[in-house]
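Engineer: the following comprises the amino acid sequence and a computationally predicted model.
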Amino acid sequence: MESTKFTVWVINGPNLNLLGEREPEIYGRETLLDVENKLSEIANKKQINLEFFQENEEGKLVTLIHEARIKAHGILLNPGAYSHYSLAIYDALKAVSIPKVEVHISQVVNREDIRKNLLTAGACNGLIAGFGIYGYSLGLNALVELIKGGL
């Protein structure tokens, strides 16, 4: 789309390819494709170019974050379980100056103790958790405002 003002990379971490199948009582029945379709609707209205990625491997997520600093204006990220302990992803996020919003489908602070520490969120501009896949829409809207300088 030629009139696109900017590009956002939506990066999903491990096990999100199983969204809709994996623990639906926690993550719901909607799939990652459902997430992409909902975000695409918002992006079309706002004339934003979205690029979607899902990786299960930590190093590949780091590489995507590095590439995003050159090819995107912002990152919408669900690092999955890596959010709780990945210093490599945290460091990659800190090294990238474009706006970043972290999203979690479940309310992680109400879950197991190990999930209450969100290391990677500390390297992002904001965090949205506990709203199911609607959190991605909230995150994208917040990210757009960050990119425009409105937040």
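Structural biologist: Ah, there it is.

Engineer: contacts, neighbours, all on C-alpha from now
Structural biologist: Fine.

Engineer: Gly59 in helix, strand or coil?
Structural biologist: Secondary structure, DSSP: H, G, I helix; E, B strand; the rest coil: Gly59 is helix.

Engineer: list the contacts of it.
Structural biologist: For Gly59, the contact set (Cα atoms under 8 Å, 6 or more residues apart in numbering) comprises Ala88.

Engineer: how far away is it from Gly139?
Structural biologist: Taking Cα to Cα, to the nearest Å as the measure, Gly59 falls 24 Å from Gly139.

Engineer: one more: Leu16?
Structural biologist: To Gly139, Leu16 is 17 Å away according to Cα to Cα.

Engineer: which of the two has more residues huddled nearby?
Structural biologist: Higher neighbour count among Leu16 and Gly139: Gly139, with 24 against 20, using other Cα atoms under 10 Å.

Engineer: ok, the more buried one to Ala43 distance?
Structural biologist: Gly139 sits 12 Å away from Ala43, going by Cα to Cα.

Engineer: tell me the buried residues in the helix or strand of the chain with the lowest mean pLDDT?
Structural biologist: In the chain, no helix or strand scores lower on mean pLDDT, DSSP states H and E than helix 24-27, which sits at a mean of 88. Residues of helix 24-27 classed as buried under the neighbour-count rule (16 or more other Cα atoms under 10 Å) are Tyr27.

Engineer: same question for stretch 19-32.
Structural biologist: Residues of stretch 19-32 classed as buried by neighbour count (16+ other Cα under 10 Å): Leu19, Gly20, Tyr27, Gly28, Thr31, Leu32.

Engineer: what's near enough to touch the closest residue to the first one other than its chain neighbours?
Structural biologist: It stands for Leu19. In this structure, Leu19 finds its nearest non-sequential neighbour in Thr31, 4.8 Å apart by Cα to Cα, 6 or more residues apart in numbering. Listed by Cα under 8 Å, 6+ apart, the contact set of Thr31 reads Asn17, Leu18, Leu19, Gly20, Glu21.

Engineer: please redo it, this time with the cut-off set to 10 Å
Structural biologist: Residues in contact with Thr31 (Cα atoms under 10 Å, 6 or more residues apart in numbering) are Leu16, Asn17, Leu18, Leu19, Gly20, Glu21, Arg22, Asn37, Ile133.

Engineer: rebuild the residues you listed as a markdown table, extending it with distance to Gln54.
Structural biologist: Shown next, in a markdown table, are those (distance: Cα to Cα, whole Å):
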| residue | distance to Gln54 |
| --- | --- |
| Leu16 | 7 |
| Asn17 | 7 |
| Leu18 | 11 |
| Leu19 | 11 |
| Gly20 | 15 |
| Glu21 | 16 |
| Arg22 | 15 |
| Asn37 | 15 |
| Ile133 | 15 |
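
Engineer: appreciated, that's everything.
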